[in-house]
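Engineer: need a 3D model of the following:
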Amino acid sequence: MAGHSHWAQIKHKKAKVDAQRGKLFSKLIREITVATRLGGPNPEFNPRLRTAIEQAKRANMPLETIERAIKKGSGELEGETYEEIVYEGYAPGGVAVMVLATTDNRNRTSAEIKHTFSKYGGNLGSSGCVSYLFERKGYIEIPAKEISEEEVFEKAVEAGAEDVQTGEEIHQIYTSPEELYDVKESLEKMGVPVEKAQITWIPVSTVSVDDPETAKKVLRLIDALDDLEDVQQVIANFEIPEEILQKVEA
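Structural biologist: Predicted coordinates for the structure are as follows:
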């Protein structure tokens, strides 16, 4: 899981910038709408919706905006009908990329994603071309400043997590997809502050990117994909050595 761990640490810092740009609201509204459509409008019986609402409130989204997204998802209000699509492709250096999108216009989204891959030196592939390199997992983020490595590991194991990884910014907890929300709620009952919980894809093996220019191209592509309004998650199987990453960031 090193590739996802590595990118998650980078993306955690980027999320703060996204929130300032207002792009976070758009992504959260789509998640609330889709979660409502799939699991119903009552967050008490819909853990995915409950989690989406929690994240929206944490981002200071107005309550009326949250309620409107729920009503659109339940059909009470007219609005866009979103569907979830997974795109697969390659970044420079042979890095495999999974793009999870939520869209009301499949043709528009496909064109935007294909253009972005091409513009930044990658290639959009066909369904199944890289998904075998990833496995579906539940993923939870905990702010590292809020709880120690030892304590989060102990409580995660008690809650039923499969794996725990730590970094300077965040602790990352992995579960089976089916147990994600049960583990999340168990952690919260133990006083662990959950910042994010979602179903995602985790690389089963990674590609080492040892050239600074290639590393820069990979990060630019992933960043550009993540900036697209229809894109909810971008996952890639790269591993960039720390000394290379420092050169890129400089």
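Engineer: name the SS class of the residue lying farthest from the centre of the chain, please.
Structural biologist: For the chain, the largest distance from the centre (Cα atoms, centre = their mean) belongs to Glu76, which lies 28.2 Å off. Of the three states, Glu76 takes coil under DSSP: H, G, I helix; E, B strand; the rest coil.
Engineer: can you get me a residue count around Arg106?
Structural biologist: When neighbours are counted by other Cβ atoms under 10 Å, Arg106 registers 12. Every C-beta, even on glycine, is put in place using the N, C-alpha and C of the backbone.
Engineer: can you check Gln232 too?
Structural biologist: 19.
Engineer: so how far is stretch 58-75 from its chain's centroid?
Structural biologist: Distance of stretch 58-75 from the chain centroid (Cα atoms, centre = their mean, to the nearest Å) equals 20 Å.
Engineer: can we start the residue count at 340 from this point?
Structural biologist: That works, and once the first residue is 340, the last one we named lands at stretch 397-414.
Engineer: buried stuff in it?
Structural biologist: Met400, Ile405, Arg407, Ala408, Ile409, Lys410, Lys411, Gly412 (16 or more other Cβ atoms under 10 Å).
Engineer: got the CA positions of that stretch in PDB?
Structural biologist: Only the C-alpha atoms of stretch 397-414 are listed here, as PDB (Å, rounded to 0.1, in the frame of the first residue of the first chain):
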ATOM      1  CA  ARG A 397     -16.400  19.900   8.500                       C
ATOM      2  CA  ALA A 398     -15.800  21.900   5.300                       C
ATOM      3  CA  ASN A 399     -18.300  24.500   6.600                       C
ATOM      4  CA  MET A 400     -20.900  23.800   3.900                       C
ATOM      5  CA  PRO A 401     -24.200  25.600   4.700                       C
ATOM      6  CA  LEU A 402     -26.900  23.300   6.000                       C
ATOM      7  CA  GLU A 403     -29.300  24.400   3.300                       C
ATOM      8  CA  THR A 404     -26.800  23.300   0.600                       C
ATOM      9  CA  ILE A 405     -26.500  19.900   2.200                       C
ATOM     10  CA  GLU A 406     -30.300  19.500   2.500                       C
ATOM     11  CA  ARG A 407     -30.700  20.600  -1.200                       C
ATOM     12  CA  ALA A 408     -28.200  17.900  -2.300                       C
ATOM     13  CA  ILE A 409     -30.100  15.300  -0.300                       C
ATOM     14  CA  LYS A 410     -33.400  16.300  -1.900                       C
ATOM     15  CA  LYS A 411     -31.900  16.200  -5.400                       C
ATOM     16  CA  GLY A 412     -30.500  12.700  -4.600                       C
ATOM     17  CA  SER A 413     -33.900  11.500  -3.400                       C
ATOM     18  CA  GLY A 414     -35.800  13.000  -6.300                       C
END
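Engineer: let me know whether Val436 touches Tyr429 as I believe.
Structural biologist: Yes - in this structure, Val436 is within contact of Tyr429 by Cβ atoms under 8 Å, at 6.5 Å.
Engineer: overlap of the contact sets of those two?
Structural biologist: Gly461, Val469 (Cβ atoms under 8 Å, 6 or more residues apart in numbering).
Engineer: same drill for these two, tell me which one is more crowded.
Structural biologist: Higher neighbour count among Val436 and Tyr429: Val436, with 25 against 20, using other Cβ under 10 Å.
Engineer: so, low pLDDT: which residues of the protein?
Structural biologist: 340-361 (pLDDT under 70).
Engineer: quick one: the strands in it?
Structural biologist: Per DSSP state E, the chain carries strands over the ranges 422-430, 434-442, 462-463, 473-482, 502-505, 509-514, 535-542, 546-547, 570-575, 577-578.
Engineer: now these as JSON lines including distance to Val491?
Structural biologist: As requested, the strands of the chain are exported to JSON lines (distance: least, Cβ to Cβ, whole Å):
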{"stretch": "strand 422-430", "distance to Val491": "30"}
{"stretch": "strand 434-442", "distance to Val491": "26"}
{"stretch": "strand 462-463", "distance to Val491": "37"}
{"stretch": "strand 473-482", "distance to Val491": "6"}
{"stretch": "strand 502-505", "distance to Val491": "7"}
{"stretch": "strand 509-514", "distance to Val491": "5"}
{"stretch": "strand 535-542", "distance to Val491": "14"}
{"stretch": "strand 546-547", "distance to Val491": "28"}
{"stretch": "strand 570-575", "distance to Val491": "22"}
{"stretch": "strand 577-578", "distance to Val491": "23"}
